[in-house]
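Peer 1: would you be able to build a 3D model of this:
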Amino acid sequence: MDNDKPLEPLAISVDETARVISHSRSSVYKLRAAGHLQAVKSGTKTLILYSSVKQWLASLQPAPVKTPRPRPRRRPPGKKE
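Peer 2: Numbering: from 1, shown residues only. Purely as a prediction, here's the structure:
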């Protein structure tokens, strides 16, 4: 086993999930209610299965890449045509 590689968590808290996916806590609960994220309980704490977070992210459509418009060239100050 390679000891240099950090272990991937099996489950993460709702707060950690919100931070990882850049969403709010309430969005995490909505995704859970919609069946996109799987959760388990450890006592009173809700833990989101990390594998379901990765699956949900993989199911999202890629963001379109927009090519930037060429910007007009600026003339250096004091230079005239």
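Peer 1: and residue 61, how many neighbours does it have?
Peer 2: Residue 61: 5 surrounding residues under other Cβ atoms under 10 Å. Bear in mind the C-beta positions are built from the backbone N, C-alpha and C, glycine included.
Peer 1: in three-state terms, label it for me.
Peer 2: Three-state call for residue 61 (DSSP: H, G, I helix; E, B strand; the rest coil): coil.
Peer 1: count of neighbours near residue 27?
Peer 2: Residue 27: 13 surrounding residues under other Cβ under 10 Å.
Peer 1: residue 18 contacts residue 29, correct?
Peer 2: No - using Cβ atoms under 8 Å, residue 18 is not in contact with residue 29, being 9.5 Å away.
Peer 1: quick check: the most centrally placed residue in the chain vs residue 29, distance?
Peer 2: The centroid of the chain falls nearest to residue 21 when counting by Cα atoms, centre = their mean (2.9 Å). Relative to residue 29, residue 21 is positioned 12 Å away (Cβ to Cβ, to the nearest Å).
Peer 1: and the closest residue to residue 25 other than its chain neighbours, how close does it get to residue 32?
Peer 2: Excluding the flanking residues, the one nearest residue 25 by Cβ to Cβ, 6 or more residues apart in numbering is residue 18, at 5.0 Å. According to Cβ to Cβ, residue 18 stands 11 Å off from residue 32.
Peer 1: which stretches in the protein count as strands?
Peer 2: Along the chain, the stretches classed as strands by DSSP state E are 11-13, 39-42, 45-49.
Peer 1: partners of the last one in the sheet?
Peer 2: On the basis of DSSP bridges, the sheet neighbours of strand 45-49 come out as strand 11-13 (antiparallel), strand 39-42 (antiparallel).
Peer 1: out of the ones you listed, deepest packed?
Peer 2: By mean neighbour count, with neighbours taken as mean count of other Cβ atoms under 10 Å, strand 11-13 ranks first of the strands paired with strand 45-49 at a mean of 17.
Peer 1: contacts for that one, please.
Peer 2: The contact list for strand 11-13 (Cβ atoms under 8 Å, 6 or more residues apart in numbering) reads 20, 40, 45-50, 53.
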